[in-house]
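Asker: Have a look; sequence and predicted model below, questions after that.
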Amino acid sequence: MFRLARRCTRSFPDSTRNAYTSQRHLHNGRNLVQELSSRQFVANVTRPDELIKHLERPRTVYLGIDPTAKSLHACHLLPLMCLLHFQLRGNNVIALIGGATGLVGDPSGRMTERQLAEETQIELNTPKLTQAIQKFFSSAATYAKDRLSTQSSTLPPLQVLNNLSWLKDVNLLDFLRTTGTHFRVNNMLTRDSVKTRMSTQQGISFTEFTYQLLQGYDFYELSRTHGCTIQVGGSD
């Protein structure tokens, strides 16, 4: 797991704003983890030394975005730029649209229960968000071609997937028996998003509490079908 230094901010670090303002090579002597750390992207990394070695050859990395809005906003910039850095270093990147998880609701960064999104609204938002993400990476590839010693045609193509395609047919009993047994509740309770909500009078619903189970299932599915081994996510 690769957690960003912040999920949303009004003022981005100078190193982020100036990421590609001068001619430079992609491989400037620093590994990708060091590069992202120097740009203040990183909050924490699961087993950083192993990750550095793991990235000695191209890998597959994913970032999840729930379609709770019809367009991208400022909070998406940091994780998308982080994913872009992975792509510029020759890694395969996946933007995962949460067509299923968006129906459940992410408890991160909230003190109260998130109002459940209407299924029709999620369906309407999904193609718009997909188009916005594709445009972001297309524009970034063109910019990188002008600024860096790379050709946009040589970059691994962005893949945009929707977790509804595999979660819509998951049977509850099968899910509890095959997936739920791998998760320890005591570990789930240590998540910041859960601890914050547990400290309030309202608490957290079982629906939002199980959001992390669906995230884990997404990682499993992407690992199984696309060889994905790295996830980019927010620190909250």
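Answerer: Cool, the structure landed.
Asker: any idea which residue sits dead centre in this protein?
Answerer: Nearest to the geometric centre of the chain sits residue 63, at 2.4 Å (CA atoms, centre = their mean).
Asker: State the helix or strand in which that residue lies.
Answerer: strand 60-65 (DSSP states H and E).
Asker: Sheet partners, orientation included, of that strand?
Answerer: strand 92-97 (parallel), strand 230-233 (parallel) (DSSP bridges).
Asker: possible to save these as CSV with mean neighbour count, mean pLDDT and distance to residue 175?
Answerer: (C-beta placed from N, C-alpha, C; glycine too.) Output for the strands paired with strand 60-65, formatted as CSV (neighbours: other CB atoms under 10 Å; pLDDT from 0 to 100; distance: least, CB to CB, whole Å):
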stretch, mean neighbour count, mean pLDDT, distance to residue 175
strand 92-97, 22, 98, 18
strand 230-233, 21, 92, 20
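Asker: For the nearest residue to residue 159 once chain neighbours are set aside, name its beta-bridge partners.
Answerer: Among residues not flanking residue 159 along the chain, residue 94 sits closest, at 4.7 Å (CB to CB, 6 or more residues apart in numbering). Note on residue 94: beta-bridge partners residue 62, residue 159, judged by DSSP bridges.
Asker: buried sites along stretch 219-229?
Answerer: 219, 221-222, 228-229 (16 or more other CB atoms under 10 Å).
Asker: actually stretch 56-70, not the one I wrote
Answerer: Of the residues in stretch 56-70, 59-69 count as buried by neighbour count, 16+ other CB under 10 Å.
Asker: got it, and stretch 77-91?
Answerer: Buried residues in stretch 77-91 (16+ other CB under 10 Å): 78-91.
Asker: just the residues you listed now: which is nearest residue 132?
Answerer: Nearest to residue 132 among the buried residues of stretch 77-91, counting by CB to CB, is residue 80 at 9.8 Å.
Asker: Reduced to three states, what does the residue located most distally from the centre of the chain come out as?
Answerer: Farthest-out residue of the chain from its mean C-alpha position, per CA atoms, centre = their mean: residue 201, at 29.9 Å. Per DSSP: H, G, I helix; E, B strand; the rest coil, the local secondary structure of residue 201 is coil.
Asker: For it, give its distance to residue 207.
Answerer: 18 Å (CB to CB, to the nearest Å).
Asker: Kindly report the same for residue 141.
Answerer: When CB to CB is the yardstick, residue 141 and residue 207 sit 38 Å from each other.
Asker: Thanks a lot, see you next time.
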